[in-house]
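Chemist: One predicted model, sequence on top.
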2 protein chains.
Amino acid sequence: MAQRHLDPTDPTAGPSPQLAAPPGQGGTPTADALAGYLRAQATEFLRALRLHRETGAGSAGNGTQETVDAARALRRSARRISGSLHTFRPLLDPDWSEGMRPELAWLSGTLALEHAYAARLERLLQALHRLSGATFPAQAVAMPTAGASAGGRTAGAARAAAAAPPTAGPPAAPERGTLTVGAAKAGALLERQLTLARTRAHSTALQALGSSRFHAVADKVAVLASEVPIVPAAAGADLRPHAAAAEERLTDAVTALPLVTAGHPYNAEALIHGLSPEPAPHPQDAPWHQVRLLLRLHRYAREVLHGEAPADIRLLGAGQALNRHRDASEAAAAAAAAARTPRIAPATAYALGVLHADQRHEVEAARFAFQQSWQKHPVGTV
Amino acid sequence: MAQRHLDPTDPTAGPSPQLAAPPGQGGTPTADALAGYLRAQATEFLRALRLHRETGAGSAGNGTQETVDAARALRRSARRISGSLHTFRPLLDPDWSEGMRPELAWLSGTLALEHAYAARLERLLQALHRLSGATFPAQAVAMPTAGASAGGRTAGAARAAAAAPPTAGPPAAPERGTLTVGAAKAGALLERQLTLARTRAHSTALQALGSSRFHAVADKVAVLASEVPIVPAAAGADLRPHAAAAEERLTDAVTALPLVTAGHPYNAEALIHGLSPEPAPHPQDAPWHQVRLLLRLHRYAREVLHGEAPADIRLLGAGQALNRHRDASEAAAAAAAAARTPRIAPATAYALGVLHADQRHEVEAARFAFQQSWQKHPVGTV
């Protein structure tokens, strides 16, 4: 991977020099690089928040693509700040750091939820169409995020807007017309349940964005954009041991995964316990979810040290596989949960069973894809 | 592949020299080799029939392992005779050949059915246990074949014995106790339906083995053991063009298969139409079933030319993958059919949906395995 040039005034350093974290003197990345990275992410957070307010203000309930992008950027920088506080915590003021992280996690979690429900519904409806041999109109499902529709308003308007559910939704009756009776009923049931969940997440996000808690986070991030609380003793500290520790936590967790099994196509592992009485999520998925989070922390640590150059293709592939793993795992759980709805028809339950197994199959496919990405090259040094 | 020695009196020719088809003079396999092969298979048929009567006569309703083996040998030689009549039909008396083939197909089809239902039930119950995270006792399912229990009797005893259903069956309640409620009910439903089908197949096979139609086939095979109706014009004819044509039909059919897709693990093709309103079997399976039959004809033609030396490892692997494909396809269809039973509980339907998808996943895995076997080496010459 190409490293950013060390001289921040160098015009070849790229189009967005403020995002590049300049390593310290002599090529050793020090706490200065961390401070630069955190300032850049905080600036990006504030930029996304401003864009969000500007683009979201004119729309009533629905976000434009710009608002959706702004909400995504908001979550993106919140995750990066939070992740860096975790990886490099010995270098930062502990009181400030420990106060900040849960607030950022709350914010990005709250903003992510509405999008997650919408994406889950889209994934399940697409699968139902595929399983029915019908083609699914790719553009039928719009996915406004919570932040998207809520972004323009703050405190005052939030309560009023919360009453209006998101209007852009999953495909309507005409597309469902191509489904068979069981699949159509399963689709309608999932749509009802996940739309309800999404509407609730939307209200929660609106309330969050209008809350004093959110304003307190935004204020703290605004301070971070100019002033990073590095502890005096860490002024010239080398960042690399901390980044290496993050990588080691990742590789340790990957080593504990059943990669030999995952590398054998059609090992049928993911559907084991597919009919067990335990509610979702599958316990076997947890180590993969954990690796997903550790991979993300490792990527952010690399960004702190090397700047936001294009990430290692291998890490990208592995990360995408783990996102797919998470999405399929949660979609399978949603299908299983819908099947426990009282008084559904057997044909509906049958379709949900096929759908559940299909998504567990996707879980298995994602593990295979991760294994393929991961084994392609040895682990790169930080 | 090692060829059998040309001299039938050679003691190194193997433990069962009568099964080796000696090629003609000068290394060119002629109609003589075909006659030798057919005589050997007819002899094997009669030997299996005799063994069948001897071992089955003492048991009431259940076959010993010897009877099961004898029934399998009976079907095995019936398939080989029938296949050779097909591949080399221009060399044989057409009236005799055309009268013989449907009778052999009827016989092996009738004898295969009970075994198929028992194997299907075992496959589905094993899958249900796997999906419930429970271990399945490997020895719990005995599979007597129709022929096994009926073998000892002919005409007279057949009608009386037909009333007694097979007693050795799938695992009973204790093993099902580890299943969850939906899976347990699905298992009980499949057991009821497939045991009924198996009992009917058992009666049909008993009746068949006692029928004058069966005796007529057995008489014809007895004549074939000493006298093969090669047409006079074909006396010195080269067998190789006919065997090559059988191979060409196979390779043409394989070329038409979607092998590129099948070679990509987790292509999710086999479950497309998994929820379509069409009843089983899936139309997409038909070309694979056809290749399975053509592969078998090709293998038999190789046996005629080269003797029954151990078959090409690649053909064996490909054939096993196609058997697994057929079994999983039929098991998936049985699960889907059971889900259409009126008034079943939603939990039962859900479990059958998961089971159906699991077996379609197996179909996809079998296609992948076929592709891997097939691409391993170029097609061998006959």
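Modeler: Right, received. Where do you want to start?
Chemist: Close to chain B: what parts of the stretch 151-300 of chain A are there?
Modeler: A:179-183, A:265-266, A:268, A:271-277 (CB under 8 Å from any CB of the partner chain). Where C-beta positions appear, they are placed from N, C-alpha and C, glycine not excepted.
Chemist: The closest residue to residue A:235 other than its chain neighbours - how many residues pack around it?
Modeler: Counting by CB to CB, 6 or more residues apart in numbering or on different chains, the nearest residue to residue A:235 once its immediate chain neighbours are dropped is residue A:31, at 6.1 Å. With neighbours defined by other CB atoms under 10 Å in any protein chain shown, the count for residue A:31 comes to 22.
Chemist: what residues are up against residue A:31?
Modeler: For residue A:31, the contact set (CB atoms under 8 Å, 6 or more residues apart in numbering or on different chains) comprises A:24, A:88, A:91, A:230, A:234-237, A:239.
Chemist: Likewise for residue A:323?
Modeler: residue A:292.
Chemist: can you give me how far the helix or strand hosting it is from the chain middle?
Modeler: According to DSSP states H and E, residue A:323 maps onto helix A:313-339. Relative to the centre of its chain, helix A:313-339 is centred 11 Å away, using CA atoms, centre = their mean, to the nearest Å.
Chemist: May I see the buried residues of it?
Modeler: A:314-315, A:317-319, A:321-322, A:324-339 (16 or more other CB atoms under 10 Å in any protein chain shown).
Chemist: Helices of the stretch 151-300 of chain A, start to end?
Modeler: Ranges of helices within the stretch 151-300 of chain A are A:155-162, A:173-176, A:181-209, A:212-224, A:240-255, A:259-262, A:286-306, based on DSSP state H, counting those that start in this stretch.
Chemist: what would these look like in JSON lines with mean pLDDT and mean neighbour count?
Modeler: Below are the helices of the stretch 151-300 of chain A laid out as JSON lines (pLDDT from 0 to 100; neighbours: other CB atoms under 10 Å in any protein chain shown):
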{"stretch": "helix A:155-162", "mean pLDDT": "35", "mean neighbour count": "15"}
{"stretch": "helix A:173-176", "mean pLDDT": "40", "mean neighbour count": "14"}
{"stretch": "helix A:181-209", "mean pLDDT": "94", "mean neighbour count": "21"}
{"stretch": "helix A:212-224", "mean pLDDT": "96", "mean neighbour count": "16"}
{"stretch": "helix A:240-255", "mean pLDDT": "98", "mean neighbour count": "17"}
{"stretch": "helix A:259-262", "mean pLDDT": "96", "mean neighbour count": "15"}
{"stretch": "helix A:286-306", "mean pLDDT": "96", "mean neighbour count": "21"}
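Chemist: wait, which of the ones you listed is closest to residue B:305?
Modeler: helix A:259-262 (42.2 Å; CB to CB).
Chemist: okay, the residue nearest to residue A:235: pLDDT?
Modeler: Model confidence at residue A:31, given as pLDDT, is 92.
Chemist: got the phi/psi numbers for it?
Modeler: phi -60, psi -20 (degrees, to the nearest 10).
Chemist: count of neighbours near residue A:128?
Modeler: 27.
Chemist: Next, see if the host helix or strand of it gets close to chain B.
Modeler: Using DSSP H and E, residue A:128 sits within helix A:94-131. Yes - judged by CB under 8 Å from any CB, helix A:94-131 and chain B are in contact via A:128, A:130-131.
Chemist: Check stretch A:332-346 too.
Modeler: Yes - under the criterion of CB under 8 Å from any CB, stretch A:332-346 makes contact with chain B via A:339, A:344-346.
Chemist: quick one: what helix or strand has residue A:308 in it?
Modeler: Per DSSP H and E, there is no helix or strand for residue A:308.
Chemist: If I follow the layout properly, residue A:305 ends up in contact with residue A:241?
Modeler: No - counting by CB atoms under 8 Å, no contact exists between residue A:305 and residue A:241, whose distance comes to 11.3 Å.
Chemist: what residue lies at the spatial centre of chain A?
Modeler: In chain A, the residue lying closest to the centroid (CA atoms, centre = their mean) is residue A:112, at 6.9 Å.
Chemist: mind listing what the closest residue to residue A:234 other than its chain neighbours touches?
Modeler: Distance criterion CB to CB, 6+ apart; nearest residue to residue A:234, sequence neighbours excluded, is residue A:91 at 4.0 Å. By CB under 8 Å, 6+ apart, the contact list for residue A:91 reads A:31, A:34, A:230-231, A:234, A:237, A:239, A:242.
Chemist: Narrow these to just the buried residues.
Modeler: Buried among the contacts of residue A:91 (16+ other CB under 10 Å): A:31, A:34, A:230, A:234, A:237, A:239, A:242.
Chemist: Which residue does chain A have closest to chain B?
Modeler: residue A:353 (2.4 Å; CB to the nearest CB).
Chemist: So the residue lying closest to that residue once chain neighbours are set aside versus residue B:269, what's the distance?
Modeler: Nearest non-adjacent residue to residue A:353, counting by CB to CB, 6+ apart: residue B:353, 2.4 Å away. Between residue B:353 and residue B:269 the computed distance is 19 Å (CB to CB, to the nearest Å).
Chemist: Same question for residue A:182.
Modeler: 21 Å.
Chemist: Likewise for residue A:329?
Modeler: 22 Å.
Chemist: Same question for residue A:203.
Modeler: Distance from residue A:203 to residue B:269, by CB to CB: 41 Å.
Chemist: Checking residue A:343 next. Helix, strand or coil?
Modeler: Under DSSP: H, G, I helix; E, B strand; the rest coil, residue A:343 falls in the coil class.
Chemist: That one: how many residues sit nearby?
Modeler: Other residues close to residue A:343 by other CB under 10 Å number 6.
Chemist: residues contacting it?
Modeler: By CB under 8 Å, 6+ apart, no residues touch residue A:343.
Chemist: Would you report the backbone torsion angles of it?
Modeler: phi 60, psi 30.
Chemist: so what's it scoring on pLDDT?
Modeler: 95.
Chemist: Mind giving me the ChimeraX select for the residues of the stretch 151-300 of chain A next to chain B, buried ones only?
Modeler: Remark: buried members of those, expressed as a ChimeraX selection using 16+ other CB under 10 Å:
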select /A:179,180,182,183,265,266,268,271,272,273,274,275,276
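Chemist: out of the residues of the stretch 151-300 of chain A next to chain B, what pair is the most spread apart?
Modeler: That would be A:181 and A:265, which, of these, are the farthest apart (CB to CB) at 33.5 Å.
Chemist: In terms of residue numbering, what are the domains of chain A?
Modeler: Chain A breaks down into these domains under automatic domain parsing: A:27-224, A:239-376.
Chemist: okay, the ones you listed in a markdown table with distance to residue B:70 next?
Modeler: Putting these into a markdown table (distance: least, CB to CB, whole Å) gives the following:
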| stretch | distance to residue B:70 |
| --- | --- |
| domain A:27-224 | 44 |
| domain A:239-376 | 35 |
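Chemist: Looking at residue B:353 and residue B:269, which is more packed in?
Modeler: The neighbour comparison of residue B:353 against residue B:269 (other CB under 10 Å) goes to residue B:353, with 34 against 16.
Chemist: Mean confidence (pLDDT) on the host helix or strand of the more buried one, please.
Modeler: Per DSSP H and E: residue B:353 is located in helix B:346-376. For helix B:346-376, the per-residue pLDDT values average out at 96.
Chemist: before we move on, what about stretch A:322-336?
Modeler: 97.
Chemist: Same list (the contacts of residue A:31) but as TSV, adding pLDDT.
Modeler: TSV is the format used below for the contacts of residue A:31 (pLDDT from 0 to 100):
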residue	pLDDT
A:24	44
A:88	97
A:91	96
A:230	94
A:234	91
A:235	86
A:236	88
A:237	92
A:239	96
